[in-house]
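Visitor: quick check, what structure comes out for this input:
(one chain, ligands or ions: 2)
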Amino acid sequence: MTSLDVRALVAGYDRSTVLDGIDLSVAEGGALGLLGRNGVGKSTLVMTLMGLVVPTSGHVLLGDRDVAGLRPDLIARAGVAIVPQGRRIWAPLTVRETLTLATRGHGRRWTVDAVLDLLPRLRERFGQQAGQLSGGEQQMLAIARALLTDPAVLLLDEPSDGLAPAIVDQIAALLRTLRGEGVTMLLVEQDLHLAFAVCDEIAVMEKGRIVHRVSTPEFRADRATAHRLLGVA
Ligand SMILES: Nc1ncnc2c1ncn2[C@@H]1O[C@H](COP(=O)(O)OP(=O)(O)O)[C@@H](O)[C@H]1O
Ligand SMILES: [Mg+2]
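Guide: Residues are numbered from 1 along each chain as shown. Ligands and ions are numbered 1, 2, ... in the order given. Alright, predicted model coming up:
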């Protein structure tokens, strides 16, 4: 188990700074829901934490180790995994191939068998190409792929995107099970119901900064603030 502690993180793309000093922490084994309107920089944050966008300055502490600026493969080895927005599944590969490629070694918590026990649907689809799976199954595959790297910290970017409510409920149950395993989570979501079901705290991002952070019960009780920050009831 590892805590995630982001301090004064600045990052962006060639011509623009997107993250304008992000401060954010998730306790060991905790789950933080990150909300915010489109385009405020949530995905950029997740990509920067994974090393896929290189930060300009700031710190990303895993426990007491600063991984800011390291290559993605080294950040993965340090215990971070990403379930990217849009899933980024490679359609021609079968479920078996996708999971085999993601597996890092033996004697770890998450083997292919262990993830298939957790996600029996993928066992049924084992020989099929990822592109033939339903959206929900593809999301499960993206999560399974991340688990096979044995993450202490799991970054999930809108896993509910495009899924029917009943499937989102299955994702919620899965993420709660993973929390029970001690995985630390940062969950970016538009689906408040999912964030509330999984996370003990909620943070809101606006234009590259974290502007609000409270416990999930406090967030739910304060509809005026949710409406002001997100435009939802
Ligand atoms: N690869 C990229 N190159 C340049 N600009 C990008 C890239 N990805 C995102 N952006 C810009 O960064 C800003 C934040 O985008 P993003 O992090 O995707 O926000 P969110 O996930 O909150 O919707 C937006 O203005 C977006 O256009
Ligand atoms: Mg995004």
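
Visitor: per-residue confidence at Arg104?
Guide: We have a pLDDT of 74 for Arg104.

Visitor: Ser43: neighbour count?
Guide: Other residues lying near Ser43 total 19 when counted by other CB atoms under 10 Å. Quick note: C-beta positions are derived from backbone N, CA and C, even for glycine.

Visitor: who's in contact with it?
Guide: Residues in contact with Ser43 (CB atoms under 8 Å, 6 or more residues apart in numbering) are 85, 157, 188.

Visitor: and the gap between the closest residue to Arg37 other than its chain neighbours and ligand 1?
Guide: Leaving aside its chain neighbours, Arg37 sits nearest to Leu230 (6.6 Å; criterion: CB to CB, 6 or more residues apart in numbering). Separation of Leu230 from ligand 1 (CB to the nearest ligand atom, to the nearest Å) stands at 12 Å.

Visitor: cool, Asp5 as well?
Guide: Asp5 is 21 Å from ligand 1, by CB to the nearest ligand atom.

Visitor: secondary structure element for that residue, which one?
Guide: Assigned by DSSP states H and E, Asp5 falls within strand 4-13.

Visitor: partner strands of that strand, parallel or antiparallel?
Guide: strand 16-26 (antiparallel), strand 57-62 (antiparallel) (DSSP bridges).

Visitor: dump those to JSON lines, plus distance to Phe196, mean neighbour count and mean pLDDT.
Guide: Listed next are the strands paired with strand 4-13 as JSON lines, based on distance: least, CB to CB, whole Å; neighbours: other CB atoms under 10 Å; pLDDT from 0 to 100:
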{"stretch": "strand 16-26", "distance to Phe196": "16", "mean neighbour count": "18", "mean pLDDT": "97"}
{"stretch": "strand 57-62", "distance to Phe196": "26", "mean neighbour count": "18", "mean pLDDT": "98"}
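
Visitor: give the helix, strand or coil label for the closest residue to Lys207 other than its chain neighbours.
Guide: Distances taken as CB to CB, 6+ apart place Val40 nearest to Lys207, at 5.6 Å, with adjacent residues excluded. Classification of Val40 by DSSP: H, G, I helix; E, B strand; the rest coil places it in coil.

Visitor: picking up where we left off before, the strands paired with strand 4-13: which one's closest to ligand 1?
Guide: Within the strands paired with strand 4-13, the stretch nearest ligand 1 is strand 16-26; the backing value is 4.4 Å (CB to the nearest ligand atom).

Visitor: off-centre distance for that closest one?
Guide: 16 Å (CA atoms, centre = their mean, to the nearest Å).

Visitor: that one near ligand 2 at all?
Guide: No: using CB under 5 Å from the ion, we find that strand 16-26 stays clear of ligand 2, coming within 10.9 Å at best.

Visitor: list of residues touching that strand?
Guide: With CB under 8 Å, 6+ apart, strand 16-26 has contacts from 3-12, 32, 34, 41, 44-45, 48, 55-56, 58, 153, 184-186, 201, 203, 205, 207-210, 213.

Visitor: in PyMOL, select just the buried ones from those residues.
Guide: Buried residues among the contacts of strand 16-26 (16 or more other CB atoms under 10 Å), as a PyMOL selection:
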select buried, resi 3+4+5+6+7+9+10+11+12+32+34+41+44+45+48+55+58+153+184+185+186+201+203+205+208+210+213
